[in-house]
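[1] generate a structure from the sequence data that follows.
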Amino acid sequence: MIQEHLGTPPRAVPAPAPHPAGAPATRRIDHARADCTADSRGGLAFAVRLFDETAADVPAHEAPESAAVLLRLRQQHGPDATVRLPLARAEAGETLHATLAGTALLREGRWDAHLDLGDEELLRLLPGMNDLRSLAAGAAFPAHAWLGVRIPYTTKHGNLSVRAWLRRPHAEAGALHLADGVMELHGTFHGVRLDTTAHLEARPRDAAAAPVRVPVRPGTEEHPGQATAPDDGPDGRHPVRGFTTELPLDALLSFGGVWDLWLRPAEDEEPVRVARILDDVLNKKRVFSYPAQQVTDGDGTAHPVRPYYTVNNNLSVEVG
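    Purely as a prediction, here's the structure:
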């Protein structure tokens, strides 16, 4: 038996043929990871890498032609609560690419990112590397009828999501100084020009009371009295104008709790929520912390008053 086995010539086994583009995957795609790059016009690029159950790379050509990144607005439904971004194969490499254009309308909220492989169930995308340098440098947004900001981030469960803001017009908070019972705020207003009647409004969140109003001056420390960008200029940017205002904190002592800050660009215009969204910092509440100012009321009682950013990066003031 041994002699017979040794005397049998081995049978040649042909090497597996390479997989043609678009053919069904030879290995099951177990998970996928996406690197995200923000551009200076509000767009977001996804570079997706595929892996099998052993965490080994799965070649991009093994993904179906219909593969796409699917963004779903959390806890929302309707046709505008899902955005599908087709995945394309690069000429070289093992990465799939999808792009969310800066002109794409994305509702404000948190969008969960998935990999759609066609007939298979959706795979939750895992985060890779995020390149947000263009946001940190200050993006040059085109003159849409709205201003959109998108920041990819890792959820508490380790998945990839995108936080989106959609504002038009927009009041961007900048430098904030507290001294002698006064909050001095510098910022920029995007979308429409500020009128001479422009003013800041502080509104008590849990009380039906008239807002506290203070005037707004055009200009910032860097650009006093001037627009910080061309008003509908040839570069296609939003009209952007700097502003400065001072809010006396003792004017907020009539009600304890939270006062939300709004900027009204003109007496006959709707107010705009003051927020800080035009950078790469996802959660301002954890990053920007301001000490409380002790402000004395008419009875001589001291109250701690401090500005802070909400979970949505809007600017408010808390009165203790």
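
[2] now the nearest residue to residue 76 once chain neighbours are set aside: how far from residue 153?
    Here the nearest residue to residue 76 in space, its sequence neighbours aside, is residue 109; by CB to CB, 6 or more residues apart in numbering that works out to 6.7 Å. In short, each C-beta sits where N, CA and C put it, glycine included. Residue 109 sits 13 Å away from residue 153, going by CB to CB, to the nearest Å.

[3] just the element for residue 69, please.
    Assigned by DSSP states H and E, residue 69 belongs to strand 68-73.

[4] chain center to that strand: distance?
    For strand 68-73, the separation from the chain centroid amounts to 15 Å (computed by CA atoms, centre = their mean, to the nearest Å).

[5] in its sheet, what does that strand sit against?
    Strand 68-73 has its sheet partners listed here by DSSP bridges as strand 82-86 (antiparallel), strand 109-116 (antiparallel).

[6] contacts for that strand next, please.
    Outside of strand 68-73, the residues within contact range by CB atoms under 8 Å, 6 or more residues apart in numbering are 34, 46, 48, 80-87, 98, 100, 106-107, 109-116, 122, 125, 162.

[7] make a markdown table from the strands paired with strand 68-73 and add mean pLDDT to it.
    As requested, the strands paired with strand 68-73 are exported to a markdown table (pLDDT from 0 to 100):
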| stretch | mean pLDDT |
| --- | --- |
| strand 82-86 | 96 |
| strand 109-116 | 97 |
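
[8] mind putting the ones you listed into TSV with mean neighbour count and distance to residue 199?
    Written out in TSV, the entries for the strands paired with strand 68-73 read as follows (neighbours: other CB atoms under 10 Å; distance: least, CB to CB, whole Å):
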stretch	mean neighbour count	distance to residue 199
strand 82-86	16	38
strand 109-116	21	30
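
[9] what's the first helix or strand after the helix-or-strand element of the chain with minimal mean pLDDT?
    Comparing helices and strands within the chain by mean pLDDT, DSSP states H and E singles out helix 2-6 as the least confident, with a mean of 36. Toward the C-terminal end, the helix or strand that comes next after helix 2-6 (DSSP H and E) is strand 31-38.

[10] now that next one: how far from the chain's centre is it?
    Using CA atoms, centre = their mean, the mean C-alpha position of strand 31-38 is found 15 Å from that of the whole chain.

[11] is residue 219 in a bridge, and if so with what?
    Applying DSSP bridges to residue 219 gives these bridge partners: residue 224.

[12] I'd say it and residue 242 touch.
    Yes: A contact is recorded between residue 219 and residue 242 when judged using CB atoms under 8 Å, the distance being 5.1 Å.
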